[in-house]
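K.L.:
Based on what follows, work out the 3D shape:
(2 chains)
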Amino acid sequence: MAAYIVRTAFFKIITLVIISIISFLIIHLAPGQPSQIDPLNPRFRKEDIARYRAAFDLDKPLWKQYYLFYKKLGSGELKSFKDNQPVLGKIWRRFLNSLPLFIVGTILTWCLAFPMGIPAALNPGRLYDRSTTFLSYFFISFPGFFLAYLLILGVARFLEVPVLGMRTFGQETAPLLYWLNDRIWHLVLPSLLGAIGGIAFLSRYVRVQMIEVLDSDFVRTAHSKGLDENTVNYVHALRNAALPFVTMFGLLLPALIGGSVIIENIFAWPGMGRMAFEAILARDYPIVISLNFFAAILVLIGTFISDILLVLVDPRIRL
Amino acid sequence: MTIKRLLVFLPLFVTVVLLQSYFWVPTFDDQTRGSDRRLTQYIQGSIGDAQILNPILNADTTSSTIVGHVFDGLIDRDKNLRFRGRLATSWRIYEETYFIPRPGGPTAGELKDRIREEVSAQSVPWAKEVTGVEIASAADEKISIFLPPSKKGGKPRREAVTIAYPRRVRVALKNVDQDFFKKLKALLGRDAIADDPARYLPGGLDERVKKAALARVNLIEHNPIIIFELRQGVRFHDGHEFDSGDVLFTYESILNPRNLSPRVPNFEPIKNVETPDRFTVKVTYKRLYSPAFGTWGMQILPEHLLNKKTLEAEARRLGRDPEKFTMRDSGFNRSPVGAGPFKFKEWLSDELIRLVRNDDYWEGPAKYEEYIMRIIPDPLTQEMAFYAGTVDSYGAGTHQVERLRKDPRFQVFSGLSFGYTYIGYNMRRKPFKDVRVRRALSMAVDTRKIHKYVLNGEAEDITGPFVKQSEHYNKRVKPLPHDPKGAERLLHEAGWKKIGGKMIKDGKQLAFKLVTNNGNESRKAISQVVQDSWKKIGVKVSLDRVEWAVFLEKYINALNFDAVILGWSIGLDPDLYQIWHSSQTNRNQLNFVGYKNAEADDLIVKIRQEYDLKKQIGFARRLHEIIYRDQPYTFLYVGKWTALLDRKIVVSEPGKDGKSRYRKILPTATGNYTYDFRKWLKIPSVPRFEG
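P.N.:
Residues are numbered from 1 along each chain as shown, chains lettered A, B, ... in the order given. So this is what the prediction gives:
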């Protein structure tokens, strides 16, 4: 077991180094300049541009830039081109903003996917099964941003309440209950939209797993033992069907960064996805590359955790 | 059956908690639900977040909007776009001039006496202008020559050179006069003034260095001087009194290379800034450069919060190396302190920036208690926030304004932008060398149709390179008519023949490529309209659209294009040097169409050297005429901006009886509706005004 962990960890680190090189190169080889150093600004003299480039290390050879970049990232010295703020601090603050969205989204996904999928598996081919199947595929294939606009339009036009951002302004001095509910209300739409694809997908998966397990021998045995329907379905069958989902938990980690670019932009949510998007537009290399790097770390950690969890949970796997 | 029950009740519970929150949130008609703070806040929607809230460092519109509320400059522009005092109460502009006598001719002393005599005898018409004639003693000037890398990837170099100036004659004038030396030569004779700059440089200089250094030797020199009288009793938001030291400090900070200020080029023509007393600032310039006056709209930094000592203390507090710690690193940039109408309160990245009223503002406090910049990156959702009453104003697109124009809850403003969109022709290339071809191409395009159909009518004709509502714009220049037949006649004159629907010369059809940047829908539409119009007169045009960075690198900066659709956004100062002067036609420069005209060059230089507004306007209008005649661009349109406001926002002014009276917000003659912002106020219900 220990050997397995060490070996896996080693290969993940190698992968990480390769990713760091590739993501660094791709961004630097793309055309364009960071917006602060716009050579087209008519008032900029050649020497001013040269000075800027030197200050941001852009005048050095690529391999040296690469070295300096990760060195500065590691020591916390790395700063955004855009506002000169340390990159790590910026990412951390945005991470805290994205976190509630992620948590509520995850709760919604896991709370709704199981109740939606299980009854469909218990009565396959019936009206409920067919309608949830239709809905699931509908939401999987419907573009999320379009749905977001429809929802925002609907809520803003017909209910005339604010839906954008993390809170309503002017509520700073409102009583706690108003304040708290205002925050919750602003979470509803974006987290629901973020979760909707996941609910659709996961409920399908639950259904398939359940159907497969319900067909197996031990379920028949349980029935013939005379256990009541609910115990068989919800205790014996569900436990086994839920096994693969344990590993999916690990894979959720990277969604912290990547999953919300579009939703955060549409809802003016000051989170990490939004920061990534804006950094790309401004060619703010330090932020773009750092986020890329952290996303890679999260993916690797996620898969690592999944690998280990699976070994721990499933007694059938022996190393 | 706990699991089954859990699977039913948990989702139900989560849903109820989430949805019940709806009943606690304020609506558009009930904006004060929970709290009535909303009426005292002005919330501006913005697409992008600010970057750095320091007037000498910021380079984006959101930052400069915020900085404009937190800081004040020495001057700004009034309703008619003329300058008015802010932190400065008044100013005076005059000049000192210097010249080197020609070696071997009359000495500096002789020339001085000669001029003094003429002036006291009033024998020259300009005698009244002269306020003093002196000798300036010999002096060395150390300059630093910047040498760009000679090959790609090389390092740029700096070379120090000393110019040895001999005794010179100094003449002080009441007003700046760019023709003074012409007049002086008429008096003293052509030969009185030195003409060989190489004499004053040290020997043995490298060729490249020498070439650059020669241009820096001033045989004659104009030193325009501005004296500002400052407003007394103005306090920064922390209570510290504003004085001339702050102005000097702001200037020095901009020039300090460690700060990497993007404002450096604006202040580079300054020779020195002095502070004769606490409330007087004297600025001396190296040369004639009239746009420099406008740069004193620059907001003033508080010296006591950013000087070397304070920065060092801050660095030590943060455990950073004081040697490497610059103004760019200071926490000031995220919590600025100025002397403007609003104080900075908080900044939540990509969410909001909150300012609160400065009750101690020298012009009296604003009516609003808070100014909030709210960041919503998407124009459509901005509109939704506007409906919900959580944004008071946003940069509404023309189609959005159209949708809301008739809604009684809102008020609409619109005006002309500062800038224009054009088709630029590469005048180095064959067909475009001929002015008749360029005029023909312009005449074939129906700009009115573009305004109407592509831009929903939110555009106007423009015929020249100045801001259309400014005094420099020549309203007498009439746009070329839309006349395809006339266009064909012009092309026939230029030697082209229309055969079988094709314009042909020397066996080849008139054909070229029109390029523009990707992602700009109106430019895309325009390129198609134009292609069609030109096809009708037998000109074949292929279209290409590329991503912005590539567009600049491959086409514009490399001067590798036939024709492009682009736009300029321009400022009020009429300096056109970079875009139109013939010296700016190389790679990476802005006169990429390669426009060269000797008379235009002369006018461009005269405009940037003229301090008298009336004369400057005269030069500018003539230049406008010449450029339009030459048609290096087909001027397509000047766009209109539009803005929406909640109708509950009004101007509150004291009436005759001393009580406040409300009136509608009216834009100034030049279209600026936020001019009275300090007097704006939101009232609980939509008001009615008479008349």
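K.L.:
helices and strands of the chain: which one bottoms out on pLDDT?
P.N.:
In the absence of a named chain, this looks at chain A. helix A:255-258 (a mean of 64; mean pLDDT, DSSP states H and E).
K.L.:
Can you look at chain B instead?
P.N.:
Confidence across the helices and strands of chain B bottoms out at helix B:398-404, with a mean of 78, counting by mean pLDDT, DSSP H and E.
K.L.:
Counting neighbours, which bits of that helix end up buried?
P.N.:
Buried residues in helix B:398-404, counted by 16 or more other C-beta atoms under 10 Å in any protein chain shown: B:398, B:400-401, B:404. For the C-beta atoms, the positions are set from N, CA and C on the backbone; glycine is no exception.
K.L.:
do stretch A:107-126 as well
P.N.:
A:107-122.
K.L.:
Kindly report the same for stretch B:570-580.
P.N.:
B:570, B:572-577, B:579-580.
K.L.:
That stretch: how far from the chain's middle?
P.N.:
9 Å (C-alpha atoms, centre = their mean, to the nearest Å).
K.L.:
do stretch B:44-61 as well
P.N.:
For stretch B:44-61, the separation from the chain centroid amounts to 15 Å (computed by C-alpha atoms, centre = their mean).
K.L.:
Kindly report the same for stretch A:117-130.
P.N.:
How far stretch A:117-130 lies from its chain's middle: 29 Å, per C-alpha atoms, centre = their mean.
K.L.:
Out of the buried residues of helix B:398-404, flag the one nearest to B:Val25.
P.N.:
B:Leu404 (22.5 Å; C-beta to C-beta).
K.L.:
in the sheet, who's paired with B:Glu96?
P.N.:
With DSSP bridges as the criterion, B:Glu96 is bridged to B:Ala172, B:Asn223.
K.L.:
Next, the contact list for it, please.
P.N.:
B:170-173, B:223, B:225, B:284 (C-beta atoms under 8 Å, 6 or more residues apart in numbering or on different chains).
K.L.:
Among those residues, list the two that are farthest apart in space.
P.N.:
Spatially, the most separated pair among the contacts of B:Glu96 is B:Val171 and B:Thr284, at 15.0 Å (C-beta to C-beta).
K.L.:
who has more neighbours, the two?
P.N.:
Neighbour count, other C-beta atoms under 10 Å in any protein chain shown: between B:Val171 and B:Thr284, B:Val171 has more, with 23 against 16.
K.L.:
isn't that one right up against B:Val130?
P.N.:
Yes - counting by C-beta atoms under 8 Å, B:Val130 is a contact partner of B:Val171 at 6.2 Å.
K.L.:
Dump the buried residues of stretch B:570-580 to TSV, plus pLDDT, secondary structure and distance to chain A.
P.N.:
Conversion of the buried residues of stretch B:570-580 to TSV gives the following (pLDDT from 0 to 100; DSSP: H, G, I helix; E, B strand; the rest coil; distance: C-beta to the nearest C-beta, whole Å):
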residue	pLDDT	secondary structure	distance to chain A
B:Ile570	88	coil	10
B:Leu572	87	coil	15
B:Asp573	87	coil	11
B:Pro574	90	coil	14
B:Asp575	90	coil	10
B:Leu576	91	coil	10
B:Tyr577	90	helix	9
B:Ile579	91	helix	7
B:Trp580	93	helix	11
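K.L.:
how about those in TSV, adding distance to A:Ala2?
P.N.:
Compiled in TSV, the buried residues of stretch B:570-580 are given as follows (distance: C-beta to C-beta, whole Å):
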residue	distance to A:Ala2
B:Ile570	69
B:Leu572	73
B:Asp573	72
B:Pro574	77
B:Asp575	73
B:Leu576	74
B:Tyr577	72
B:Ile579	70
B:Trp580	74
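K.L.:
Could you single out the nearest of these to B:Ile376?
P.N.:
B:Ile570 (28.0 Å).
K.L.:
what's that closest one sitting at in phi/psi?
P.N.:
Taking degrees, to the nearest 10, you get phi -130, psi 160 for the backbone angles of B:Ile570.
K.L.:
That one and B:Pro291: what is the separation?
P.N.:
Relative to B:Pro291, B:Ile570 is positioned 12 Å away (C-beta to C-beta, to the nearest Å).
K.L.:
Now residue 237. Nearest residue, chain neighbours left out?
P.N.:
Because you didn't say which chain, this covers chain A. Leaving aside its sequence neighbours, A:Ala237 sits nearest to A:Val213 (C-beta to C-beta, 6 or more residues apart in numbering or on different chains; 4.8 Å).
K.L.:
should've been chain B
P.N.:
B:Lys343 (4.5 Å).
K.L.:
Go ahead and report the secondary structure state at the residue in the stretch 451-600 of chain B positioned nearest to chain A.
P.N.:
Using C-beta to the nearest C-beta, the single residue of the stretch 451-600 of chain B nearest to chain A is B:Ala549, 3.2 Å away. Secondary structure state of B:Ala549, per DSSP: H, G, I helix; E, B strand; the rest coil, is helix.
K.L.:
what pLDDT does it get?
P.N.:
On the pLDDT scale, B:Ala549 is placed at 79.
K.L.:
Report the residue spans of the chain with pLDDT below the cut-off.
P.N.:
Picking chain A for this. In the predicted model of chain A, residues A:31-49, A:51-52, A:55, A:82-84, A:170-171, A:255-259, A:317-319 satisfy pLDDT under 70.
K.L.:
other chain: chain B
P.N.:
Checking chain B against pLDDT under 70 turns up B:1, B:28-35, B:151-154, B:689-691.
K.L.:
per the record, what domains does it have?
P.N.:
Domain ranges of chain B: B:35-71+B:312-410+B:645-682, B:101-218, B:419-641, per automatic domain parsing.
K.L.:
And the longest one, how far out from the chain middle?
P.N.:
This means domain B:419-641. 21 Å.
K.L.:
what sits in contact with each of B:Val171 and B:Val130?
P.N.:
Shared contacts of B:Val171 and B:Val130, counting by C-beta under 8 Å, 6+ apart, come down to B:Ile115.
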